[in-house]
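1. Here is a sequence with its predicted model. Questions after.
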Amino acid sequence: MENANKSNMEENDKEDGVELIEINVVNNDDKAEPKTVKDLFSDFKASDESDYEPNDHDATDTDSDAPLSKRMKTKKKRSSKRDLLDNSLDDSKKKKHYVQKYKKEWETIPSVRPWISESIHGAHYFYCRFCKKDYKCGKTEIFKHMSAMKHKKHLTSTSQSAQNKFMFRGLLCPVITPFVKSRNKEVNFKLIGPYAKFLKACGVKGILLNDVAGEGMSLTTDERKQLLEFWSDICKEKNQFLMVQVGGAPLKSVIDMAIHAERLKVGAIVLMADLYHRPKNHLDLIRYIKIISDYTDKVPILYHHYPKYTQLYDIDMSAFLLDITGEIESFVGVIYSTNDLQDGLTALTLNPEKYVVFMGTDEVMLGAVASGFTCIMGNSINILPKLAESICQCIKDGEIKSAQASQNLLKKAIDGIYGNGDMVACLKAAIGIMTNLPVDTVREPLQTLWDGTVVKMKNKLHEIGII
């Protein structure tokens, strides 16, 4: 019925001599979501010019992928009248210009992969993450750009700044937070000294504060600051490298804690994604880190990838590390708390000169060290740091069987500990068994293990020869 009325109206308008014009209104407010990291922070303009300064020895071909006949140098011939006549008669035989499009296969070239990406200006351009500029496509143009002084300067400064900011390599211990056995479960600062002394005696050189094992998300902002100040003095005295996790709180509080950490000159701050407003993709995550880095440009930043805890299983970490390159100078790496060793190894080899990657699970410690990881974080370092150190040293010395024996013993200990309840409660109970310190209390909503369960754990550790 509606179509019939519309056609009658059109016929009446034609009779009256009125022409109907259909107007499509485009709503500019409905902008598409950013597809690249470049869409998040700046407006970029494509450049048809190269930063390369050519010399007499440089090739003049526009693209090495073009057909040979298109790239061959030929001598210019004197145009005859007949040639001019033939050209004017047959325009279809005029020479076509070859234009190169972006190829994904270029991203597999080791020297190119860390900095190249697709351009938002179309298929005929590529984007350099280091120079933050778009250029015309072509393999020759890419390698010319690599030889440009501007690109080399950006590459050198980026790599050196990252290396100078974060020099720690080795075993990193995510420390727990002791609480008083009371209704309010206040932080028990009296137990931190003996606990820190135990870790130092075991050779622990790296400390991670207020992470998942430290119940950082159950602490107030003031408590987290007080703990950092307390541990900062301890680490300076014992010459330990201190890192602090500041995520898992409202963004304003995260920024406040990050500024506080920078003021105390910690070795690095660690971020976890917002646990309520979770990022939709890796670009969302980069934007979140960028906001915080704008307030703390002097302290190195790492991201803690812990999908089991954050539920962010769909974040592409390879794309994350590629797209964050050149955008956040203070970002230096990732803590990879997942059993997916292959995925972690991909992240490790993506840009090793700029980014450090920690393998953060005890179960794959042997495989991680054998695969080339020099940074290891594990909860077991709280309990059995010498066993973790033995795995690393045996791999270094080529004693594979000894390393396997240590990993098997570590796995038996982990199974005997974590099979009794929540990870944090079990870890604190095991530390209490190993140190004889009353650190087993956890803060609600977590539940402290019953005394009977702790006795069962102790018997199991005695059975496998840990104690």
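-> Structure received. Numbering: from 1, shown residues only.
2. switch to C-alpha atoms for all contacts and neighbour counts from now on
-> Fine.
3. And the helices in the stretch 251-400 of the chain?
-> 251-263, 282-293, 307-310, 317-324, 341-350, 365-370, 385-397, 400-418 (DSSP state H, counting those that start in this stretch).
4. ditto for the stretch 101-250 of the chain
-> Using DSSP H, counting those that start in this stretch, helices in the stretch 101-250 of the chain cover 139-147, 149-165, 192-201, 221-238.
5. re earlier: closest to Thr448 out of the helices of the stretch 251-400 of the chain?
-> Closest to Thr448 of these, according to Cα to Cα: helix 400-418, at 13.2 Å.
6. Any stretches of the chain with poor pLDDT?
-> Low-confidence segments of the chain, defined by pLDDT under 70, span residues 1-98, 152-165.
7. hey, where'd the strands end up in it?
-> With strands called from DSSP state E, the chain shows them at 46-47, 116-118, 125-128, 133-136, 170-174, 206-209, 241-245, 268-271, 301-305, 331-336, 356-359, 375-377.
8. With respect to Glu389, which of the ones you listed lies nearest?
-> strand 170-174 (7.7 Å).
9. Also compute the angle for that closest one relative to strand 241-245, please.
-> 40 degrees (axes from the mean of the first three to the mean of the last three Cα atoms, to 10 degrees).
10. which strands and helices sit next to strand 170-174?
-> Packing partners of strand 170-174 (3 or more Cα pairs under 8 Å, 6 or more residues apart in numbering; DSSP states H and E): strand 206-209, strand 375-377.
11. Can I get those in TSV including distance to Leu321?
-> Listed next are the helices and strands packed on strand 170-174 as TSV, based on distance: least, Cα to Cα, whole Å:
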stretch	distance to Leu321
strand 206-209	22
strand 375-377	17
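12. just the ones you listed: most buried one?
-> strand 206-209 (a mean of 24; mean count of other Cα atoms under 10 Å).
13. Please identify the pairing partners of that one and their relative orientation?
-> Each strand paired with strand 206-209, and its direction, by DSSP bridges: strand 170-174 (parallel), strand 241-245 (parallel).
14. just how off-centre is stretch 442-457 within its chain?
-> 34 Å (Cα atoms, centre = their mean, to the nearest Å).
15. Just the terminal-to-terminal distance for it.
-> Using Cα to Cα, to the nearest Å, one end of stretch 442-457 lies 17 Å from the other.
16. Now do the buried residues in it.
-> Buried residues in stretch 442-457, defined by neighbour count with 16 or more other Cα atoms under 10 Å: Val442, Arg443, Thr448, Leu449, Val454, Met457.
17. what's it in contact with?
-> 178-179, 185, 215, 218, 416-417, 420-422, 424-426, 428-430, 440-441 (Cα atoms under 8 Å, 6 or more residues apart in numbering).
18. again with stretch 343-360
-> With Cα under 8 Å, 6+ apart, stretch 343-360 has contacts from 114, 158-160, 162-163, 317-318, 321-322, 332-338, 365, 368, 371, 373-378.
19. same thing but at 7 Å, please
-> By Cα atoms under 7 Å, 6 or more residues apart in numbering, the residues outside stretch 343-360 that reach it are 114, 159, 162-163, 317-318, 332-338, 368, 375-378.
20. Also stretch 240-251?
-> 205-211, 217, 235, 254, 257-258, 266-275.
21. Pull out the buried residues from that stretch.
-> Gln240, Phe241, Leu242, Met243, Val244, Gln245, Val246, Gly247, Gly248, Ala249, Leu251.
22. Same question for stretch 423-435.
-> Counting neighbours by 16+ other Cα under 10 Å, the buried set in stretch 423-435 is Met423, Val424, Ala425, Cys426, Leu427, Lys428, Ala429, Ala430, Ile431, Gly432, Ile433, Met434.
23. Quick check: phi and psi at the nearest residue to Leu285 once chain neighbours are set aside.
-> Leaving aside its chain neighbours, Leu285 sits nearest to Pro279 (5.5 Å; criterion: Cα to Cα, 6 or more residues apart in numbering). Taking degrees, to the nearest 10, you get phi -60, psi 140 for the backbone angles of Pro279.
24. hang on, isn't Pro279 packed against Arg287?
-> No. Applying Cα atoms under 7 Å as the test, Pro279 and Arg287 come out as separate, 9.2 Å apart.
25. what's the neighbour count on Ser111?
-> Counted by other Cα atoms under 10 Å, the residues lying close to Ser111 total 13.
26. do you know how far it is from Met149?
-> Distance of Ser111 to Met149, computed by Cα to Cα: 16 Å.
27. repeat for Lys456
-> 66 Å.
28. what does Tyr313 give?
-> 40 Å.
29. can you name the two of the buried residues of stretch 442-457 that are farthest apart?
-> It's Arg443 and Met457 that sit farthest apart of the buried residues of stretch 442-457, by Cα to Cα, at 20.6 Å.
30. Can you dump the C-alpha atoms of stretch 418-427 in PDB for me?
-> Written as PDB, here are the backbone C-alpha positions of stretch 418-427 (Å, rounded to 0.1, in the frame of the first residue of the first chain):
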ATOM      1  CA  TYR A 418      47.200 -25.600  45.000                       C
ATOM      2  CA  GLY A 419      45.000 -28.700  45.200                       C
ATOM      3  CA  ASN A 420      43.700 -27.500  48.600                       C
ATOM      4  CA  GLY A 421      41.700 -24.400  47.600                       C
ATOM      5  CA  ASP A 422      42.100 -20.800  46.200                       C
ATOM      6  CA  MET A 423      45.600 -20.000  44.800                       C
ATOM      7  CA  VAL A 424      46.300 -17.100  47.100                       C
ATOM      8  CA  ALA A 425      45.100 -18.800  50.300                       C
ATOM      9  CA  CYS A 426      47.100 -21.900  49.400                       C
ATOM     10  CA  LEU A 427      50.200 -19.900  48.600                       C
END
